[in-house]
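Chemist: sequence and predicted structure, then a few things I'm wondering about:
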Amino acid sequence: MFVHFDYSPLRHAESRLMPLLNMNVLSVDSNDLVPGLIKQILRVANNQPPYWKKRITVLLDAILEELCATSDSASREKEHPLPIQIAEAIAYMEEHLAEPLTIEAIARKSGWSHEHFTRMFVASIGISPKRALLERRLLR
């Protein structure tokens, strides 16, 4: 979905919003909150209850804060990319979600021991490989 808003704090370039001005497209794949907030804005705009413009402004502020946080983390990810073994393991998980997969097999594919792979995965991603695999299966 493509959404365009004309929002005065963006026109006056508040420093906290500067990361957003340097980007043409922002992906919200990893942020489930933003699409929900946009849907709520559309509902409020459609129904126009009392104080609807104020509510939309507050919701838009929340979206901008979330997008700023997302763009900050995206910048950090570019500065500190994932180890190639972890990136390849994630891609392998994505390609084989429908198949019976074990973390041991994914670790072997990476060339690391199960223990080292799990430690590196948690350090890089923030969750265990088992949890990441489960979440990906639930989201598909």
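Modeler: Thanks, I have the structure now.
Chemist: can you count the residues close to Thr70?
Modeler: Using other C-beta atoms under 10 Å, Thr70 has 21 neighbouring residues. No exception for glycine: its C-beta is placed from N, CA and C like everyone else's.
Chemist: for it, which three-state class applies?
Modeler: Three-state call for Thr70 (DSSP: H, G, I helix; E, B strand; the rest coil): helix.
Chemist: give me the pLDDT for it.
Modeler: pLDDT recorded at Thr70 is 74.
Chemist: same check on Glu77?
Modeler: 51.
Chemist: try Phe2
Modeler: On the pLDDT scale, Phe2 gets 54.
Chemist: so who does the spatially closest residue to Gly111 that is not a sequence neighbour touch?
Modeler: In space, and not counting its chain neighbours, Gly111 is closest to Gln85: 6.5 Å by C-beta to C-beta, 6 or more residues apart in numbering. Applying C-beta atoms under 8 Å, 6 or more residues apart in numbering to Gln85 gives the contacts Ser110, Gly111, Trp112, Phe117, Met120.
Chemist: ok, and what's touching the helix or strand where the last one lies?
Modeler: In this case it means Met120. Under the criterion of DSSP states H and E, Met120 resides in helix 114-125. Outside helix 114-125, the residues that touch it by C-beta under 8 Å, 6+ apart are 82-83, 85-86, 89-90, 103-104, 106-107, 110, 112, 128-129, 132.
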